[in-house]
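**Q** Sequence first, then the predicted structure:
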Amino acid sequence: MAEAAESPGDPGTATPRPLFAGLSDISISQDIPVEGEITIPMRSRIREFDSSTLNESVQNTIMRDLKAVGKKFMHVLYPRKSNTLLRDWDLWGPLILCVTLALMLQRGSVDSEKDGGPQFAEVFVIVWFGAVTITLNSKLLGGNISFFQSLCVLGYCILPLTVAMLVCRLVLLAEQGPINFMVRLFVVILMFAWSIVASTAFLADSQPPNRKALAVYPVFLFYFVISWMILTFTP
Amino acid sequence: MATPAAPAGGARNGAGPEWGGFDENIQGGGSAVIDMENMDDTSGSSFEDMGELHQRLREEEVDADAAAAEEEDGEFLGMKGFKGQLSRQVADQMWQAGKRQASRAFSLYANIDILRPYFDVEPAQVQSRLLESMIPIKMVDFPQKIAGELYGPLMLVFTLVAILLHGMKTSDTIIREGTLMGTAIGTCFGYWLGVSSFIYFLAYLCNAQITMLQTLALLGYGLFGHCIVLFVTYNIHLHALFYLFWLLVGGLSTLRMVAVLVSRTVGPTQRLLLCGTLATLHMLFLLYLHFAYHKVVEGILDTLEGPNIPPMQRVPRDIPAALHAVRLPTTVLNATAKAVAVTLQSH
């Protein structure tokens, strides 16, 4: 053991030996651990994290991600000024919401099967390009929010409108009429207001204080277009 | 003699803590690389140079670390590893050079900071500009001021898209081989960008003093009148009301733009050409938006073509069903032709 420690870099050796000649003399007994952690704080933590998520089962990964998404849903439904959506942003939630909304907004129209296609793509493109445009706008106005954080917040705040879509679908199962329309109108307006309040609670802090209205207006337009698509949906 | 000594002493005393702080900074840092972030404007270099220096210093650090790591590797492997190490170093250097070039190109072209000065507005400014866009000012001798910003026009175009979508939905417009949203966005952005470019080109021909940014801003703010008219008339379906609004509100915003252009152009023929074109396009666009996407046309089309064909159905001509971009102009042209035919026949 002492040989192994001394031989590689021994400066005091007078005789010119080939490098690492002493390594052949090493015998490793069983109770000496030959693996361990290099004690550089940051690096060891990262390596540990990587290997642990790679070796865990798929179910664990999915459940962890779903729990994170669910936690963020709760934050959207009860909007307080918190940093959770901004700090650990992810785009799973917006993807799930967007696909759900687009699927529900497809109309199986009597004209042709082709009409189902554009509806899905339409909603998808509106949501994502609308979010990108709003993000660019808020960055150009001088906001200090990152691109994906803003996408994350805008995507998650579609949750109330998805709930409104579900409610509208259920209400449409009943008989059509003006009362039906009024109920749907009320629900959609309520959820639209909720979406705007939720996204403003998260996004407003990142803007310079005198320009909040300028940043909130495109968000208002964006959710207005989505609400309009939900309200005018007829199966 | 006392007096020069005292201020000198005072200056030294006053600068004592500052100098001490400076010493502390250098000693406490201890890094071989000068921290560029603390250099304010003493260097006098431009923004890009600072960014480049930053990048180069960071890469030098990375290279130093990599070189140190490779030195250790070389000792370990002996002679055989040397050739592998050389090839690795060459590959590494090529990678670094390529990466540097790519990041420089990316930071140059994907830099949205180019647009940042055009979004430097306050809400009060936007409000006042919106109101001013409806008030024509008769000042012909001096060039009238045009605010060169893009936030207001962009938001107005998006608002127009939203209003158009609302109108199309209320009138149950069916668009085959395309989408409502695509048509709305294509129409509005096409008008804003296309007519601005055309007016800029005409202004260039007519020797008018106006830049592309200013035509974009002018036309963008002119859409405010369109937004108001369409918002009102998509909800209140009265023909006479629409014509009244078209003349009044549309006319006011057109007069404002015409006055601005007249103040920036010299010569009667040039003024007539430029302003006539702008006025025609502006007013006709409002007419088109109202008639092409609105329920009012339903009744007229019914009487013309009979009840077989559902109203406002745009049947595309024979086009290859390939690109959405190909479909869109065709549907728009088709709709224009139909709208023009309808307006001609309804009078």
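**A** Sure, I can see it. Numbering: from 1, shown residues only, chains lettered A, B, ... in the order given.

**Q** Just want to check the distance between B:Asn111 and A:Leu140.
**A** Separation of B:Asn111 from A:Leu140 (Cβ to Cβ, to the nearest Å) stands at 12 Å. Any C-beta I mention is one placed from the backbone N, CA and C, and that applies to glycine too.

**Q** Hmm, I typed the wrong one, I wanted B:Ile135.
**A** Per Cβ to Cβ, B:Ile135 is found 28 Å from A:Leu140.

**Q** quick one, which of these two is more surrounded?
**A** Shown here are B:Ile135 and A:Leu140; by other Cβ atoms under 10 Å in any protein chain shown, A:Leu140 has more neighbours (21 against 11).

**Q** Residue numbers of chain A in contact with chain B?
**A** Counting by Cβ under 8 Å from any Cβ of the partner chain, chain A comes close to chain B at A:19, A:111-112, A:114, A:118-119, A:121-122, A:125-126, A:133, A:136-137, A:139-142, A:210-211, A:213-214, A:217-218, A:221, A:224-225, A:228, A:232.

**Q** which of these are buried?
**A** A:118-119, A:122, A:125-126, A:136-137, A:139-141, A:211, A:214, A:217-218, A:221, A:224-225, A:228 (16 or more other Cβ atoms under 10 Å in any protein chain shown).

**Q** Pretty sure A:Phe233 sits against A:Cys168.
**A** Yes - with contacts defined as Cβ atoms under 8 Å, A:Phe233 counts as touching A:Cys168 at a distance of 6.7 Å.

**Q** ok, the two, which is more surrounded?
**A** Counted by other Cβ under 10 Å, A:Phe233 and A:Cys168 do not tie: A:Cys168 has more neighbours, with 21 against 18.

**Q** Not counting its neighbours along the chain, what's nearest the more buried one?
**A** Leaving aside its chain neighbours, A:Cys168 sits nearest to A:Arg184 (5.0 Å; criterion: Cβ to Cβ, 6 or more residues apart in numbering or on different chains).

**Q** Doesn't the one you found lie inside a helix?
**A** Yes - with DSSP: H, G, I helix; E, B strand; the rest coil as the criterion, A:Arg184 is part of a helix.

**Q** can you list the weak-confidence ranges in the stretch 151-300 of chain B?
**A** Within the stretch 151-300 of chain B, the segments meeting pLDDT under 70 span B:172-179, B:294-300.

**Q** How are the strands of chain B distributed by residue range?
**A** B:174-175, B:313-314 (DSSP state E).

**Q** pLDDT wise, what is A:Trp89 at?
**A** A:Trp89 is assigned 83 on the pLDDT scale.

**Q** right, and the secondary structure at it would be what?
**A** When states are read from three-state DSSP, the local structure at A:Trp89 comes out as coil.

**Q** for chain A, what spans make up the helices?
**A** Here chain A has its helices, by DSSP state H, at A:2-6, A:41-55, A:58-77, A:84-87, A:92-104, A:116-140, A:147-156, A:159-173, A:178-203, A:212-231.

**Q** Just want the angle from the fifth one to helix A:58-77.
**A** Direction vectors for helix A:92-104 and helix A:58-77, defined by axes from the mean of the first three to the mean of the last three Cα atoms, to 10 degrees, enclose an angle of 80 degrees.

**Q** Please name the residues that touch B:Gln214.
**A** Contact partners of B:Gln214, counting by Cβ atoms under 8 Å, 6 or more residues apart in numbering or on different chains, are B:Ile146, B:Gly148.

**Q** same thing with B:Phe198?
**A** If a contact means Cβ under 8 Å, 6+ apart, then B:Phe198 has B:Thr277, B:Leu281 as its contacts.

**Q** Neighbours of the nearest residue to A:Ala198 once chain neighbours are set aside, how many?
**A** Among residues not flanking A:Ala198 along the chain, A:Pro79 sits closest, at 4.1 Å (Cβ to Cβ, 6+ apart). For A:Pro79, the count of nearby residues is 18 (other Cβ under 10 Å).

**Q** what about A:Pro79, distance to chain B?
**A** Distance, A:Pro79 to chain B, by Cβ to the nearest Cβ, to the nearest Å: 23 Å.

**Q** for that residue, phi and psi?
**A** In terms of degrees, to the nearest 10, the main-chain angles of A:Pro79 are phi -70, psi 120.

**Q** Next: B:His237.
**A** Dihedral angles for B:His237 - degrees, to the nearest 10 - are phi -90, psi 70.

**Q** for chain A, what are the low-confidence residue spans?
**A** A:1-17, A:21-52, A:81-82, A:84-85, A:107-118.

**Q** Contacts only, for A:Ile134.
**A** Residues near A:Ile134 by Cβ under 8 Å, 6+ apart: A:Ser150, A:Leu154, A:Pro218, A:Val219, A:Phe222.

**Q** mind listing what residue 156 touches?
**A** Just going to use chain A. Per Cβ under 8 Å, 6+ apart, neighbours of A:Tyr156: A:Lys72, A:Phe73, A:His75, A:Val76, A:Leu85, A:Gly93, A:Pro94, A:Leu97, A:Ala198.

**Q** Please refer instead to chain B.
**A** Shown in contact with B:Leu156 (Cβ under 8 Å, 6+ apart): B:Gly220, B:Tyr221, B:Leu223, B:Phe224, B:Cys227.

**Q** Next, work out how far apart the residue nearest to the first one when sequence neighbours are not counted and chain A are.
**A** What that stands for is B:Gly220. Closest residue to B:Gly220 apart from its sequence neighbours, by Cβ to Cβ, 6+ apart: B:Pro153 at 2.0 Å. Using Cβ to the nearest Cβ, B:Pro153 is found at 13 Å from chain A.

**Q** Spit out the contact partners of the residue nearest to A:Ala198.
**A** The neighbours of A:Pro79, taking Cβ under 8 Å, 6+ apart as the test, are A:Val197, A:Ala198, A:Ala201, A:Phe202.

**Q** quick one on the thing from earlier: got the contact list for the residue nearest to B:Gly220?
**A** B:Trp192, B:Leu216, B:Ala217, B:Leu219, B:Gly220, B:Tyr221, B:Leu223.

**Q** who's in contact with the nearest residue to the second one once chain neighbours are set aside?
**A** In other words, B:Leu216. Residue nearest to B:Leu216 in three dimensions, not counting chain neighbours: B:Ser196, with 4.7 Å by Cβ to Cβ, 6+ apart. Applying Cβ under 8 Å, 6+ apart to B:Ser196 gives the contacts B:Met212, B:Thr215, B:Leu216, B:Leu218, B:Leu219, B:Gly220.

**Q** Before I go, just wanted to say thanks for your time.
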